[in-house]
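Asker: Sequence and computational prediction follow.
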Amino acid sequence: MTLRALAFGPSPLSLAADTPVREVLRRMLEERINHVALRGTDGRFAGLVSVQSLLNRIIPASARMEHGLADLAFVGDALPMLLAHFNEVVEQPASALVSEAGTLLRTDTPLMETALMLSRSQGPLPVVDADGFLVGVLSSRAMLGFLSHQAESA
Amino acid sequence: MHGAAAPHVSHVILGWSPLVVALAIFVLTYAVIVTERINRAIVALLGAGVMILTGVLHQNEAFAGIDFNTIGLLTGMMVIVAITQKSGVFQYVAVKSAKMVKADPWGLMVMLTLVTAVFSALLDNVTTVLLVAPVALLITDALRLNPYPYLFAIIFASNIGGTATLIGDPPNIMIGSAVGLTFNQFLFNLAPVALAVLSLTLIPFWWFWGRKLSASLELRAQVMAFDERAAITDMKLLKQSLAVTALTIAGFVSAHSLGLEPATVAMFGAALLLLLRALGQSAEHQSEQVHKSFAEVEWVTIFFFIGLFIVVAGVEKAGALKILADQLVAVTGGDLAATAYLILWASAVISAVVDNIPFVATMIPVIQNLGPVVGAENLNTLWWSLALGACLGGNGSLVGASANLVVAGFAERAGHPIRFLPFMLAAFPLMLMSIAVSSLYIGWRYL
C-alpha cells in the first residue's frame, strides 16, 4: 500500500521560485498559513518554504551551522541584529530558503517509509507525482487519522 | 616514543628486502594521506596492517611502537575539554574579552588572537577554534564586520599558541613523549619565542586590516549589551571543570618531579572530572553521560596516530630512518647550527603543505640517530627546531593544520569562504617571518 490510500491535504499556496521572500512572507501572514510551495519555470515542484525555514535564516549563521553556538542567551534581545538579518533575508528569492536535501514524498512511497519520514519531519511533507508536480501535502495528523480509521475498521 | 621492542628478525614475504618493503608501505601510506581521498585513519591503519602482514614487523613490535603516552595524553585532554565546553566557559571568555576592549574592531582582533593563543596552548588547536570561531562570527556579525581578518587571525593564533607548551599541539606531545621533555621545558624554551612571534604577527595584521576596521557606536553598544554571564549554562560544571583543569595543569608542571608521565596526569584528570559529573546521578544517567563524553573523543585522530606509529616503527626497524639521518649528516657535515636551521626551515615548509603529524613521527627517530653526531647534550636544540618548524609551519597554507580547515569550514558555512590561494599568498610569507624569528631565537639561545 502506498500513500495514495491516504487523504492528502490540499496543495498549499504555490508561488514562483524566484518570488522575493518579502512577498512570500506577506502572503503567509495575510492568509495565516505556515507553508508555501514553490514552482519552477516548468511548473514542477521546487521546494517548500515554511515559517520555520524563514526564521532559521534570520538566526545568526554562527548558531545555525554544525558545531556552531548551542544557545544565544548571552546575546540578549539584539533586536537591531535580528532586524538586520530579517531585512537581508526578505530581499532574497524564495528559492534561497529551500534546502537541496529537503524531504518530499512521492505518490508511490510505501506506507511504512511514509510514516518514518513524517515522524522525522517537523511539519507536513509535500507529495509529488512521478513527473515532479505537487499533488498535495501530507501531515502526521493525516497519517494518524488514517491509522485510526484502519484500526476501527479492522 | 617506543616501548621495549621484542627482538624479532623480519621475515618479509617472498624474501623481499625489509627496507624496500617498509619504504614502499611508508611512501604509499603517506602519499594517500596527502591526497585526502581516503580518511587518514583508514590509511594509517591499513599501512600498519600491511607492515605486519608482510612480515616487516611482528605484532609485538608494532604494539611496542605505539606511543601510548601520546595516545593517553590526547584522549585524556579530549575528554576534559569535551566536558568543560558544555559549561559555556569558552563563550564567556570570548565575549568578556570583546567587551573589555569596548567592542572596538581592532581591539577585538587583538583579544580574539590572544584568547585563541592561550586556549590553544592548553587545549588542542581544533577544539580551540571550534570554540572560538563561532563566537567570533557572531560578534563580527553584530558589528557588521567582514569576519575574514578575524578568522585569519584565529588560524594563526591557534598554531602559534599551540607551539608554546607540551600539550598545545600534537607534534609537541609526540616529541615530548619520545624524548622525555617535560611541560616546564617546553614552556621555558618555546613560550618566549611563541609570544614574540604572536606579538610581531599583530603588526602586519594591523597594517593590512586593523587600521581600516571600524564599527559604529550603535553596533558596538549592541555587543556591549551581550551578557557574558548568561553564556555560562552550568555553573556547577564550570567549577568542577576549572578545578580539574587547574589540577591537571599543575600535574603537568610537577609531573617530572613526581616521576609521572603526561598521559597519567591527563587520564586521571579526565577520570576525576567524569566522577565529579557522575556524583548524585542515577546509574542510567551516569552511563549516558560517560557514553556522550567518550563519544566526543576524536577517535579518528587517535586511531590515525596508532596506525602512524606502527608504520614509522616499521621503517625505523628496517633501518630507513638511520639512512635518512646519515644523509642529513652528510648534508650538514654534522654541524649543530646547520642541522638545527635545516630542520627548522625544512619542517616549516613541509608542514605548510602536508600534515605535520606524520612528518614529526618520522623525524623523531631520525633526530634521535643524530645524538652521536651532534652530541647528546645538544639534541634539545634540534628538538626545539623540529617543534617550532612543525607547529608554526602549519600557518603556511589552509592544509597546513587541521584547525585551519575547521575555520575554513566555518567561514564557508557563514557565507565568507576562505580560498586556498588567497589565504596562502598572505599566510605563507607571515609563516616565513615567524620561522625567521625562530631562527634568530635558536641562534641566540642555543648556538
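Answerer: Okay, I see it. Numbering: from 1, shown residues only, chains lettered A, B, ... in the order given.

Asker: Would you mind extracting the C-alpha trace of the longest helix along chain A into CSV?
Answerer: Using DSSP state H, we find that the single longest helix of chain A is helix A:140-153. Output of helix A:140-153 as CSV, limited to C-alpha atoms (Å, rounded to 0.1, in the frame of the first residue of the first chain):
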residue,chain,number,x,y,z
SER,A,140,1.4,13.4,10.6
ARG,A,141,-2.2,14.1,11.7
ALA,A,142,-3.5,12.7,8.4
MET,A,143,-1.3,9.6,8.9
LEU,A,144,-2.6,9.1,12.4
GLY,A,145,-6.2,9.7,11.2
PHE,A,146,-5.7,7.0,8.5
LEU,A,147,-4.3,4.5,11.0
SER,A,148,-7.1,5.2,13.5
HIS,A,149,-9.7,4.6,10.8
GLN,A,150,-8.0,1.4,9.7
ALA,A,151,-7.8,0.2,13.3
GLU,A,152,-11.5,0.8,13.8
SER,A,153,-12.4,-0.9,10.6
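
Asker: Buried residues of that helix, list them for me.
Answerer: A:142-143, A:146 (16 or more other CB atoms under 10 Å in any protein chain shown). The C-beta positions use only the backbone N, C-alpha and C, and glycine is treated the same way.

Asker: List the buried residues in the helix or strand hosting A:Gly47.
Answerer: Here A:Gly47 is covered by strand A:45-50, with elements defined by DSSP states H and E. For strand A:45-50, the neighbour count (16+ other CB under 10 Å) marks A:45-50 as buried.

Asker: Get me the contact residues on chain A for chain B.
Answerer: A:60-63, A:65-76, A:78, A:80-81, A:84 (CB under 8 Å from any CB of the partner chain).

Asker: from those residues, which would you call buried?
Answerer: A:60-63, A:65, A:68-69, A:72, A:74-75, A:78, A:81, A:84.

Asker: Take these and lay them out in JSON lines including secondary structure and distance to B:Cys391.
Answerer: Listed next are those as JSON lines, based on DSSP: H, G, I helix; E, B strand; the rest coil; distance: CB to CB, whole Å:
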{"residue": "A:Pro60", "secondary structure": "coil", "distance to B:Cys391": "32"}
{"residue": "A:Ala61", "secondary structure": "helix", "distance to B:Cys391": "30"}
{"residue": "A:Ser62", "secondary structure": "helix", "distance to B:Cys391": "27"}
{"residue": "A:Ala63", "secondary structure": "helix", "distance to B:Cys391": "32"}
{"residue": "A:Met65", "secondary structure": "coil", "distance to B:Cys391": "28"}
{"residue": "A:Gly68", "secondary structure": "coil", "distance to B:Cys391": "27"}
{"residue": "A:Leu69", "secondary structure": "coil", "distance to B:Cys391": "28"}
{"residue": "A:Leu72", "secondary structure": "coil", "distance to B:Cys391": "34"}
{"residue": "A:Phe74", "secondary structure": "helix", "distance to B:Cys391": "32"}
{"residue": "A:Val75", "secondary structure": "helix", "distance to B:Cys391": "34"}
{"residue": "A:Ala78", "secondary structure": "coil", "distance to B:Cys391": "38"}
{"residue": "A:Met81", "secondary structure": "helix", "distance to B:Cys391": "37"}
{"residue": "A:Ala84", "secondary structure": "helix", "distance to B:Cys391": "39"}
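
Asker: which one of these is nearest B:Thr201?
Answerer: The closest of these to B:Thr201 turns out to be A:Ser62 (CB to CB; 24.5 Å).

Asker: quick one: contacts for that closest one?
Answerer: Shown in contact with A:Ser62 (CB atoms under 8 Å, 6 or more residues apart in numbering or on different chains): A:68-69, B:134-135, B:137-138, B:141, B:410, B:414.

Asker: so of these, which ones are in helices?
Answerer: B:134-135, B:137-138, B:141, B:410.

Asker: So B:Leu19 versus B:Tyr30, what's the distance?
Answerer: Distance, B:Leu19 to B:Tyr30, by CB to CB, to the nearest Å: 16 Å.

Asker: same question, B:Ala403
Answerer: Taken as CB to CB, the span from B:Ala403 to B:Tyr30 is 21 Å.

Asker: that older thread, need the buried residues of strand A:45-50 in JSON lines with pLDDT and distance to B:Ala325, can you?
Answerer: Output for the buried residues of strand A:45-50, formatted as JSON lines (pLDDT from 0 to 100; distance: CB to CB, whole Å):
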{"residue": "A:Phe45", "pLDDT": "92", "distance to B:Ala325": "66"}
{"residue": "A:Ala46", "pLDDT": "91", "distance to B:Ala325": "63"}
{"residue": "A:Gly47", "pLDDT": "90", "distance to B:Ala325": "61"}
{"residue": "A:Leu48", "pLDDT": "90", "distance to B:Ala325": "64"}
{"residue": "A:Val49", "pLDDT": "91", "distance to B:Ala325": "64"}
{"residue": "A:Ser50", "pLDDT": "90", "distance to B:Ala325": "64"}
